[in-house]
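J.: Sharing a model prediction with you, sequence too.
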Protein chains: 2
Amino acid sequence: MQWVEGGVTAPGGFLASGVAAGIKKTKKDLALLFSTVLAAAAGVFTTNRVKAAPLLVTAARLEKGVAQAVVVNSGNANACNGPEGYADALAMGRAAAQALNLPEELVLVSSTGVIGQRLPLEKIEAALPAAAAALDAGGHLAAAEAILTTDTVVKEAAVRFSLGGSTCTIGGMAKGSGMIHPNMATMLAFLTTDVAIKPELLRRALKEAVDASFNMITVDGDTSTNDMVVVLANGRAQNPEINADGPDYAAFVQALTAVAAELAKKVARDGEGATCLIEVRVKGARSDADARLAARAIAASNLVKAAVFGRDANWGRILCAAGYSGAVFDPGKVDIFLGAEQVAADGAGLAFYEERASAELERDPVVITVNFKEGEGAAVAWGCDLTYDYVRINASYRT
Amino acid sequence: MQWVEGGVTAPGGFLASGVAAGIKKTKKDLALLFSTVLAAAAGVFTTNRVKAAPLLVTAARLEKGVAQAVVVNSGNANACNGPEGYADALAMGRAAAQALNLPEELVLVSSTGVIGQRLPLEKIEAALPAAAAALDAGGHLAAAEAILTTDTVVKEAAVRFSLGGSTCTIGGMAKGSGMIHPNMATMLAFLTTDVAIKPELLRRALKEAVDASFNMITVDGDTSTNDMVVVLANGRAQNPEINADGPDYAAFVQALTAVAAELAKKVARDGEGATCLIEVRVKGARSDADARLAARAIAASNLVKAAVFGRDANWGRILCAAGYSGAVFDPGKVDIFLGAEQVAADGAGLAFYEERASAELERDPVVITVNFKEGEGAAVAWGCDLTYDYVRINASYRT
């Protein structure tokens, strides 16, 4: 497996574009992603009971397991707008379908931005013909820019790997810097691949990849109304179609997970106001499920996050967060490391070197390792530190 | 029921003191609470799997349902110190018992402060005779000061009420300004009363009172290793002893809940860096349990808290937090109010007056009301806004 450039247009048969429709004041805010042939498609969506209109439209269309395009806007979430919001999401998809000359059932719809304000549909409809005309096999960066909101960097990743003698590619782009929390599709991410795979297996593979990537990142514990991860697989690599479990399926899941994890880490690292990525490794748990609970609770703890921002080796907060995570373990057996420096053994503090621990907290990522010494369960979660800028950004987002 | 002065020494037969033992640099850090006669006693404790040593000691002693004194230090949590920490907690209780000339089984032990550092036992042992000598029927304020850490204000409350012809009093003091989260005993609180009540009923009453007060406040979502609420009831009011359910029991629970809720609100209002109290009222839920879930999720949401700090009427975040709370409701039916101003109806935004909504956000408390229009379930939760100062305080607490 080899990392390559090209984001969502790295795999053959995918075109992308990003334009400024005027929804946001100063940046590109409308992206199109297009497969030149019909693609297998799957998605995972927020677990929030309040689901934005575009998610309802997209989830319904994905029941057939095929799609050919995705239209995404930033600057407006089209959430909490009642039946009118649903009609707006349908209209946005219809306008994209017309511009692309596709049946509207093959167009997936996605939005991100402020909640509770009607979508500026006319601006989107007016901009879609230009967006369609701009579709390009090198258009990944324009699309990746257009889906951003408070993000400070573009998030792309792509890998190349071999499957049954065919060279295959998986690409992706993501958006997210706040409201990023586990146990959901987590933020917007769009994955593309030229692999030939049956829709049911694509769906399963996406779920596996998301559970080990987007569902293991956390910025502020708030789960959004709009988060989704979508994958399109257009079969252009002409590998023997994956239609059952086996080595090809496993290799595909591994590559898909790699791209998803890379995007997830970029999202966590770009948490609003963050100065560093935090990687929490929990091992020795009674089960992987327990390890996941503990890793995510530690990565999500405001007190741990603020301590990392202050470069304060306050390991007691790490043990405390594990304690309320729901994971089952004996507090008297836990070892804790900051980077390479062990700071607690058997649940009690060591006389560690403050300077060395502080040096480990100056790294990016800051790596926290917790060993329960109970079993073989392991998990990795990612988060970021909590800073003054997080508060500044979120105190005045809407106005 | 009448609010009175006097904190934990408002009820007859209780003495208190607070002295500076030198655990903290510049303030009182050691409190004693003493009943002149044996008292019925009960406690509730953190749900965190990692429980500090003093909680283990105190919980074991409360199994008998009686106690006569409480010793509390601030500045050191005596948590995560292994078997030595447990021995230290026992030694602290023993030293207090000697100073008070009590069997050590009648002394409850409590600590708050930094995690993972050994208790400075010699300082505590050296200061206890002076603390015992300072015990006074007017000592409530000194004790209430001595239990504080990052708190900015002393937290006391007391009520007087009538029970079977006797005038009864309940007093209390609390400590807490960070790591305050529902579903646990929440922080340190010590309640005293001269009511005569059987230990089993006292235990039940305390649980009811805590569920409607301390378990409904949240500052940062982290549940601490040290939190406890303890009540001593010494019977000095000479009311007919409460030994069964009935009007007297109900009146006692009501008064106990009032004191607990007043202390809980003072804790929430004093959240680290907070500029205002947030009161979240959820009604029309399918059950009280659903209303509790939603109210606490809204009060705990970093995004809601940051929006309140920015006085930004971002009601979408309120609905979003209700959405991931686990409460069952139809997002298309929800009404939301900021103070008296309705900002959303049937799940969609109203054309509300920005200025009026902002004015509601300038109040203290800021009152958020959510009506699911599904049933009769209701709950109230309290929190505070998320500010720059929260980050500052918690980035450098330990160093």
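T.: Structure's in. What do you need? Numbers count the residues shown, from 1 in each chain, chains lettered A, B, ... in the order given.

J.: buried stuff in the biggest helix by length in chain A?
T.: Longest helix in chain A, counting residues (DSSP state H): helix A:247-269. Buried residues in helix A:247-269, counted by 16 or more other Cβ atoms under 10 Å in any protein chain shown: A:248-249, A:251-253, A:255-269. Glycine gets a C-beta too; all of them are placed from N, C-alpha and C.

J.: got it, and stretch A:22-29?
T.: A:Ile23, A:Lys24, A:Lys28, A:Asp29.

J.: Please work out the average pLDDT along the longest helix of chain A.
T.: Per-residue pLDDT values across helix A:247-269 average out to 95.

J.: quick one: is the helix or strand just after that helix near chain B?
T.: Downstream of helix A:247-269, the next assigned helix or strand under DSSP states H and E is strand A:277-285. No: judged by Cβ under 8 Å from any Cβ of the partner chain, strand A:277-285 and chain B are separated, with a smallest distance of 12.7 Å.

J.: which outside residues touch strand A:277-285?
T.: Residues outside strand A:277-285 that contact it (Cβ atoms under 8 Å, 6 or more residues apart in numbering or on different chains): A:265, A:268-269, A:291-292, A:294-296, A:298-299, A:304-305, A:308, A:322, A:327, A:329, A:364-385.

J.: For the following helix or strand past it, buried residues please.
T.: Sequence order places helix A:288-300 as the next helix or strand after strand A:277-285, per DSSP H and E. Neighbour-count burial for helix A:288-300, counted by 16+ other Cβ under 10 Å, picks out A:Asp290, A:Ala291, A:Arg292, A:Leu293, A:Ala294, A:Ala295, A:Arg296, A:Ala297, A:Ile298, A:Ala299, A:Ala300.

J.: how much space is there between the first one and chain B?
T.: Using Cβ to the nearest Cβ, to the nearest Å, one gets 11 Å for the distance from A:Asp290 to chain B.

J.: chain center to the longest strand belonging to chain A: distance?
T.: Assignment by DSSP state E gives strand A:30-45 as the longest strand of chain A. Between the centre of strand A:30-45 and the centre of its chain there are 16 Å (Cα atoms, centre = their mean, to the nearest Å).

J.: Need phi/psi at A:Arg118.
T.: Backbone geometry at A:Arg118, expressed as degrees, to the nearest 10, gives phi -60, psi 150.

J.: Using PDB, list the CA coordinates for the longest strand of chain A.
T.: In PDB, the C-alpha atoms belonging to strand A:30-45 read as follows (Å, rounded to 0.1, in the frame of the first residue of the first chain):
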ATOM      1  CA  LEU A  30     -20.100  24.300  -3.300                       C
ATOM      2  CA  ALA A  31     -18.500  21.100  -4.300                       C
ATOM      3  CA  LEU A  32     -19.400  18.400  -6.900                       C
ATOM      4  CA  LEU A  33     -18.100  14.900  -7.000                       C
ATOM      5  CA  PHE A  34     -18.900  12.800 -10.100                       C
ATOM      6  CA  SER A  35     -18.300   9.300 -11.200                       C
ATOM      7  CA  THR A  36     -18.200   8.900 -15.000                       C
ATOM      8  CA  VAL A  37     -20.000   5.500 -14.500                       C
ATOM      9  CA  LEU A  38     -22.600   4.200 -12.100                       C
ATOM     10  CA  ALA A  39     -20.900   3.400  -8.800                       C
ATOM     11  CA  ALA A  40     -21.700   1.200  -5.800                       C
ATOM     12  CA  ALA A  41     -22.400   3.500  -2.900                       C
ATOM     13  CA  ALA A  42     -22.700   3.400   0.900                       C
ATOM     14  CA  GLY A  43     -23.000   5.800   3.700                       C
ATOM     15  CA  VAL A  44     -23.000   6.100   7.500                       C
ATOM     16  CA  PHE A  45     -24.800   8.900   9.300                       C
END
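
J.: For that strand, the averaged confidence score.
T.: Across strand A:30-45, pLDDT averages out at 97.

J.: for it, which positions count as buried?
T.: Neighbour-count burial for strand A:30-45 [16+ other Cβ under 10 Å]: A:30-35, A:39-45.

J.: same deal with stretch A:167-177?
T.: Under 16+ other Cβ under 10 Å, the buried positions of stretch A:167-177 are A:Cys168, A:Thr169, A:Ile170, A:Gly171, A:Gly172, A:Met173, A:Ala174, A:Lys175, A:Gly176, A:Ser177.

J.: Where does pLDDT dip in the stretch 51-200 of chain A?
T.: A:177-186 (pLDDT under 70).

J.: the helices in the stretch 1-150 of chain A, which residues?
T.: A:53-62, A:82-100, A:121-133, A:140-146 (DSSP state H, counting those that start in this stretch).

J.: Show me which of those has the highest average neighbour count.
T.: Stretch with highest mean neighbour count among the helices of the stretch 1-150 of chain A: helix A:140-146 (a mean of 25; mean count of other Cβ atoms under 10 Å in any protein chain shown).

J.: Residues in contact with it: which ones?
T.: A:6-10, A:16-20, A:27-33, A:72, A:74, A:134, A:136, A:154-156, A:171, A:173.

J.: do that again at 6 Å, thanks
T.: A:6-9, A:16-18, A:28-31, A:154, A:156, A:173 (Cβ atoms under 6 Å, 6 or more residues apart in numbering or on different chains).
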